[in-house]
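# pasting the sequence and the predicted coordinates here, then a few questions.
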Amino acid sequence: MTERTALTADAIAAADDPDAAADFLKRHPARRSELCRAAEAKGASAVLFELDRLASGAQGGSTDTPALELRLQGHSVVFGRDHAYLMVIVDDHPAFDDDPRFARRLEDGRRYATLGAGPRGMMPIFSTLVSGVNRAADLSPLLADTFDLEIQHPDVAAGQRTERDVVDELFAVDEGFSDELPYDILPFPWSDGYNSNSYISGLLQVTGWEADQPGRVPGWTKPVPAEFFTGKDQAEDEAMPLTSGRGKQP
């Protein structure tokens, strides 16, 4: 027995060795969930990447994490203007199996969560801009979408990062947002205020996503500056996936 074939799931996860993970699954295909849990617990991103890749290949997929999808959506608010937010759809991706952020389901059964922002306490006057996961205004079935666009990270399209990695980064950076910027329902270039569209535009920019301005979204061209997303540095330094259900709540 070679040294690699003697490794346990915990040892493979601790070493974050994707080749050992592939060998382990060849010998013990029924123990995939055990290896996945160990990798999640230790933040073994290379092993999780390999698990995603092997699962995709088994399903005839062409990307590393085919179950993940990011959509830029919006609904009308006032004066024919739209409010933008993000919907993250994880379907049955194993990394998010027990993640409480993804407890809601679309009509087709796929699990999802939203990221967005708005005035603190929904009071638009003399308020601050607050971000959150699964905000009530972003989940309401009474608000019809005015736009619904699937977007993709350029690093994922180039095969340099996994979809799971860039989605984890979105949540990490959102969690680090200051929630203290002045709120303006219609931000002007010369004012010190920002709105929900400024937030989404800034969040996408600081995490490297590319998205054109969707519809009538005032504030989009005045993105929240990178220095207010303190979670960006934390996400890069730790490089740890956030699958434990942490994150801002509405």
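Done, it's in.
# hey, let's count contacts and neighbours off CA atoms from now on
Fine.
# how near is residue 136 to residue 85?
12 Å (C-alpha to C-alpha, to the nearest Å).
# these two - which one has more neighbours?
residue 85 (23 against 12; other C-alpha atoms under 10 Å).
# report the contact partners of the more buried one.
Applying C-alpha atoms under 8 Å, 6 or more residues apart in numbering to residue 85 gives the contacts 72-74, 114-117, 138, 196-197, 200.
# beta partners for it?
residue 73 (DSSP bridges).
# same deal with residue 132?
Judged by DSSP bridges, the bridge partners of residue 132 are residue 116.
# tell me the secondary structure for the spatially most central residue of the chain?
Closest to where the C-alpha atoms of the chain average out (C-alpha atoms, centre = their mean) is residue 167, at 3.0 Å. Following DSSP: H, G, I helix; E, B strand; the rest coil, residue 167 is assigned to helix.
# mind saving the C-alpha coords of the helix or strand harbouring residue 46 as CSV?
Assigned by DSSP states H and E, residue 46 falls within helix 45-58. Output of helix 45-58 as CSV, limited to C-alpha atoms (Å, rounded to 0.1, in the frame of the first residue of the first chain):
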residue,chain,number,x,y,z
SER,A,45,-10.5,24.5,-1.6
ALA,A,46,-8.4,22.3,-3.9
VAL,A,47,-10.1,19.1,-2.8
LEU,A,48,-13.5,20.7,-3.1
PHE,A,49,-12.6,21.9,-6.6
GLU,A,50,-11.6,18.3,-7.5
LEU,A,51,-14.9,17.0,-6.1
ASP,A,52,-16.8,19.5,-8.2
ARG,A,53,-14.9,18.7,-11.3
LEU,A,54,-15.4,14.9,-10.9
ALA,A,55,-19.1,15.4,-10.2
SER,A,56,-19.5,17.5,-13.3
GLY,A,57,-17.7,15.0,-15.4
ALA,A,58,-19.9,12.2,-14.2
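# in it, what counts as buried?
Going by neighbour count (16 or more other C-alpha atoms under 10 Å), the buried part of helix 45-58 is 45-56.
# quick one: mean pLDDT for it?
Averaging pLDDT along helix 45-58 yields 75.
# and for residue 69, the neighbour number?
Residue 69: 18 neighbours (other C-alpha under 10 Å).
# separation between it and residue 92?
12 Å.
# rewinding a little: tell me what the helix holding residue 46 is packed against?
helix 18-27, helix 32-42 (3 or more C-alpha pairs under 8 Å, 6 or more residues apart in numbering; DSSP states H and E).
# in this structure, which spans are helices?
Here the chain has its helices, by DSSP state H, at 9-15, 18-27, 32-42, 45-58, 136-139, 154-157, 163-175, 196-206, 231-238.
# go ahead and name everything in contact with the first one.
For helix 9-15, contacts defined as C-alpha under 8 Å, 6+ apart pick out 18, 20-21, 24, 34-35, 38-39, 42-44, 47.
# you'd agree residue 147 is up against residue 74?
Yes - the criterion here is C-alpha atoms under 8 Å, and residue 147 meets it with residue 74 at 5.4 Å.
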